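*Asks:* quick one, fold the following:
(chains A and B)
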Amino acid sequence: MSEDESTAEAEQGVEDASAAITELAKRRGFFFGSAEAYGGVAGFYTFGPQGAALKRNVEDAWRDRFTVKEGNQEIEAPTVMPEPVFEASGHLDGFDDMLVECAECGVSHRADHLVEDETEIEEAESLPIPEVEELIADHDLRCPNCGAPLAGQPVEDFNLMFETSIGPGSGQTGYLRPETAQGIFVEFPRLKEYARNQLPFGVTQIGRAYRNEISPRKGLIRTREFTQAELEQFINPERDEPSLDSVADVEVRLYPATEQEKDDGGYLLTTIGEAVESGVIANEWIGYYLGVAQRWYDRVGVDMDRFRFRQHLSGERAHYASDCWDAEAELGGVSASPESEAGEAADPSAGDWIEIAGFAYRGDYDLSKHGEHADDSFTVFEQYDEPKTVERAVVEPDMSTLGPEFGGKATDVADALSDLAARDPDAFDGETVTVEVDGEEHAVDAEVANFRIEEQTEAGEHVTPHVIEPSFGVDRTVYTIIAHAYVTDEVDGERRTYLALDPEIAPTYVGVFPLLGNDEALTAVAREVVSDLREAGLSVSYDDSGNIGRRYRRQDEIGTPFCVTVDHEGLETAGAETATIRERNTTAQVRVPIDALADELAAIRSGRKAFDDLRAEYDDGGRGR
RNA sequence: GCGCCGUUGGUCCAGUGGUAGGACAGUGGCUUCCCAAGCCACUAGCCCGGGUUCAAUUCCCGGACGGCGCACCA
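*Replies:* Here you go, the predicted model:
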C-alpha cells in the first residue's frame, strides 16, 4: 500500500470513528449538544444517563488514584472568583488578546504579535488599544496573509474568560474560572495549615472550568465548559523527592521536543526511570506523575498503543510553566504501536492526537504572584534541623532624635536606614550616613542610627513552595475511553457493536433479563435478582422487551460487561436455582446459582475474580457459545 | 470571527412550490427456552426569523446549530 493510500484511509477512519461515536452517544445517552430545543448553543454539552455515570466512574477512579492513594486532600472551590484573583494569576492579561481583522481577506491576526514582529517593541500586549492602532498605522503594518494594509482597521479586545457581575447593580466584576487550579492557590494560606505546615503535600480538585472559546470544535473535545481533575503538588524544591522507584519501570512512549523539531523525528521508547536518569524528563516529579498517570490511563481503558507523552515545545509553554508534558490519545484508529507495522517505527505525525492531560512544573509562579497581590502569606515556614546563628547588620535608630528632626518622614528615614544596613553595612563606617527618601537625601548621625552587627539565631526560613501540576481533562478522557472501547465484530454472522469498557467504569454493570418477557414465572424471579444485585451496590438495568438477542445487543452498545438471564432450565435444576451470566466481549456464558450472583459479580467488579474463574468454578451450563 | 458545505421522526437518510417517505430504534400484542428473527398495531419529523408567492419543508436573504479549512486554543 502506498503512503498516500494509507493516509487517505486513516483520514477516512477518523471521520468514520468520530461520526459513529457521535451517533452512538446521541442515541444511547452518553452526550449531546445542550438545549437543542432552543436551537442549541455552541460549546456546551450535556452528559446523558450513560455518559454521566461513565464520567462519574472516571472521576471516582481518578480520585482513588490521585487523591486517596497519594494521601492528598480534595477541596471544592467556587467557579466564580473576583477580578483581583485573575489579575494576580495573570489570566486577565494573558487571556486578553488583541485581534485585528484584515479588510481584504478577512483573516484575523494577533495585533500585539504583529507589532512585536515588526517593531522594536517587546511587550505590545500591555499597550492600550488606541496606541496599538496607532503603531499599526505608523509602521504601515500589513496583513501577513495577503499583504493588504491594516492601518485604520479597528483592533478589538477579546477575553477568553466569561465575565459576570457579583451582586446587584454594577456590583463587583467576577469571572468564571478558566482552570480549577486558582481555587487551590488562593486558599493556600489555609490549606498549608490543614497540612500542618509540612511540605510536601498535595491538594486536588475535580470541577468545572470555563473558557469562552472563539469557535468551539470537535464536539466534546473543545467546549466552553468542561471538567478538570487537577492536582497541585506543593514541594520544597531543595529537598523533596517523589518515590520514583515505584514507577521507575513503567514503560512509556515519549515524544520529546527535540524529536518534534526534526523532520523525521520519532518516539523514544523507554522507562520512566531511564528517562529521568538521562534527563529527557528534566524533573523527577514530572517523571513520577507521568508514570502514575500512564498506569491510571491503562486501568480506566485507554489503549496504550494509542497513547503517548509529548513534551511542549518552548514556544508552546504557558506563562507559568518551565517544563511541560502532555498526555495525548489518538482518536482516529491509528495504532502507534511500533510492532503494528512489521517492526517499523511508528510515525508520530500520523493519526489524530489530542491532549488529554498536562503535566506542568509551575515553579513558584502562582504562589509568588498571589503573595504579591494578596494580603496573606503564601509561604511555608520550614524549621532547620539545627537553628542557625547568623551575623546580621541591624540599626536601631533613636526615634526621639529622628522624630523632631524629620517630622512626618522620620519613619521612612528609619526604614531607609534599615534597608541600607542590610544592603551596604560599610555605609555606616563614617560619622554620618546618607539615605534617600522620596528623592531627597537626608544625612543622619551614625550614632543616632545605632548601627551594629548582631548575632541572630534563625530556627528556619519561609519557603515559597514549588508546584507540580498534573491537570486532566475529564471530558476528553471520557471521549477517549469510549473511542478506544468502540469495537465492531460478528456474532453468528450478524454485525455487532459494543463498548469494551472496563467493569470499574462501565455506566451500567449488569443487565438482568427474563429469557421470555411474557412469562410470569421468569419475570418475577428476574425482578428479585434485580433487587438483590442493587442491594449489593451494583448498577443494574432490567429489560424484558424484545427477544433475548436484541436485549444483549442493547447492553453491548452501552458497554455493560455482564448480563444475567433467568430461564426455565435454571429454575428447574435440582437443588439451587440458577441463572446464566454472559460476558460482553466473548458472549460466553456460565450458569451460576442465583444466590451466588451478587457475591460473584461484586468480586469481578472489585478485581478479586475474573469471569474465567467463574467458568472454572461452575459447570458450564450455558450454550457453550 | 472569515470562507465552503449542510440542517427532514429518537438515530441515519430519500423527496417535493399544494405540509412528506424509507430504514433502523422505541412501545403494545402474538410467537419464541439464549444473541439485532418473524407477524400485527402504535408512537414520532420538514432548525428559527424575514421576503417572494394564492400557497414555502422546498426559492431568496438573515440568524442559530453542525462539519471542514483559516485564525484562535494562554
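*Asks:* my read is that A:L331 contacts A:T477, right?
*Replies:* No: using Cβ atoms under 8 Å, A:L331 makes no contact with A:T477, being 11.9 Å away. Using the backbone N, CA and C atoms, a C-beta is placed for each residue, glycine as well.
*Asks:* which residues are contacting the helix or strand encompassing A:T434?
*Replies:* Using DSSP states H and E, the element containing A:T434 is strand A:432-437. Outside strand A:432-437, the residues within contact range by Cβ atoms under 8 Å, 6 or more residues apart in numbering are A:409, A:412-413, A:416-417, A:420, A:427, A:441-446, A:449, A:451.
*Asks:* repeat that for stretch A:17-33.
*Replies:* Contacts for stretch A:17-33 (Cβ under 8 Å, 6+ apart): A:40-41, A:44-51, A:54, A:218-220, A:331-333, A:479, A:482-483, A:486, A:497, A:557-558.
*Asks:* extract the CA atoms of that stretch and return them as PDB.
*Replies:* What follows is stretch A:17-33, C-alpha atoms only, in PDB (Å, rounded to 0.1, in the frame of the first residue of the first chain):
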ATOM      1  CA  ALA A  17     -14.900   6.900  14.000                       C
ATOM      2  CA  SER A  18     -16.000  10.300  15.200                       C
ATOM      3  CA  ALA A  19     -19.300  10.100  13.300                       C
ATOM      4  CA  ALA A  20     -20.100   6.700  14.600                       C
ATOM      5  CA  ILE A  21     -19.300   7.700  18.200                       C
ATOM      6  CA  THR A  22     -21.300  10.900  18.000                       C
ATOM      7  CA  GLU A  23     -24.200   8.900  16.700                       C
ATOM      8  CA  LEU A  24     -24.000   6.300  19.400                       C
ATOM      9  CA  ALA A  25     -23.500   9.000  22.000                       C
ATOM     10  CA  LYS A  26     -26.700  10.700  21.000                       C
ATOM     11  CA  ARG A  27     -28.800   7.600  20.500                       C
ATOM     12  CA  ARG A  28     -27.800   5.800  23.700                       C
ATOM     13  CA  GLY A  29     -27.500   8.800  26.000                       C
ATOM     14  CA  PHE A  30     -23.700   9.400  26.500                       C
ATOM     15  CA  PHE A  31     -23.600  13.000  25.400                       C
ATOM     16  CA  PHE A  32     -25.200  15.500  23.100                       C
ATOM     17  CA  GLY A  33     -25.300  19.300  22.400                       C
END
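*Asks:* helix, strand or coil for A:K609?
*Replies:* coil (DSSP: H, G, I helix; E, B strand; the rest coil).
*Asks:* burial of it, as a residue count?
*Replies:* 16 (other Cβ atoms under 10 Å).
*Asks:* give me the phi and psi for A:L231.
*Replies:* With angles defined as degrees, to the nearest 10, A:L231 sits at phi -120, psi 130.
*Asks:* one more: the one 5 residues further on?
*Replies:* The phi/psi pair for A:N236 (degrees, to the nearest 10) reads phi -90, psi 110.
*Asks:* so it touches A:L199, yeah?
*Replies:* Yes: at 4.6 Å, A:N236 counts as touching A:L199 under the criterion of Cβ under 8 Å.
*Asks:* can you list residues touching both of the two?
*Replies:* Shared contacts of A:N236 and A:L199, defined by Cβ under 8 Å, 6+ apart, comprise A:V380, A:E382, A:V463, A:P465.
*Asks:* please state the backbone phi and psi of the last one?
*Replies:* Backbone dihedrals for A:P465, given as degrees, to the nearest 10, come out at phi -60, psi 150.
*Asks:* next step: the shared contacts of A:N236 and A:L199 restricted to strands.
*Replies:* Mapping the shared contacts of A:N236 and A:L199 onto strands (DSSP state E) picks out A:V380, A:E382, A:V463.
*Asks:* show the buried residues in those residues.
*Replies:* Buried by 16 or more other Cβ atoms under 10 Å: A:V380, A:E382, A:V463, out of those.
*Asks:* want to throw these into TSV with pLDDT and distance to A:E70?
*Replies:* Formatted as TSV, those follow (pLDDT from 0 to 100; distance: Cβ to Cβ, whole Å):
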residue	pLDDT	distance to A:E70
A:V380	92	19
A:E382	86	21
A:V463	91	21
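*Asks:* return only those of these found close to RNA strand B.
*Replies:* For RNA strand B, no contacts are drawn from those by Cβ under 7 Å from any atom of the strand.
*Asks:* turn those into JSON lines, including distance to A:A293.
*Replies:* Shown next, in JSON lines, are those (distance: Cβ to Cβ, whole Å):
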{"residue": "A:V380", "distance to A:A293": "26"}
{"residue": "A:E382", "distance to A:A293": "29"}
{"residue": "A:V463", "distance to A:A293": "27"}
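*Asks:* check what pLDDT the residue of the stretch 401-550 of chain A found nearest RNA strand B gets.
*Replies:* The minimum distance from the stretch 401-550 of chain A to RNA strand B, using Cβ to the nearest atom of the strand, falls at A:G549 (2.4 Å). pLDDT, A:G549: 92.
*Asks:* among the contacts of strand A:432-437, which are in strands?
*Replies:* Counted as lying in strands by DSSP E, out of the contacts of strand A:432-437, are A:E441, A:H442, A:A443, A:V444, A:D445, A:F451.
*Asks:* burial count for the third one?
*Replies:* So the one you mean is A:A443. Counted by other Cβ under 10 Å, the residues lying close to A:A443 total 10.
*Asks:* still on that earlier bit, buried sites along the strand holding A:T434?
*Replies:* A:V433, A:V435, A:V437.
*Asks:* quick check: most distant residue from the centroid of chain A.
*Replies:* Taking Cα atoms, centre = their mean as the measure, the residue most remote from the mean C-alpha position of chain A is A:E431, 61.8 Å away.
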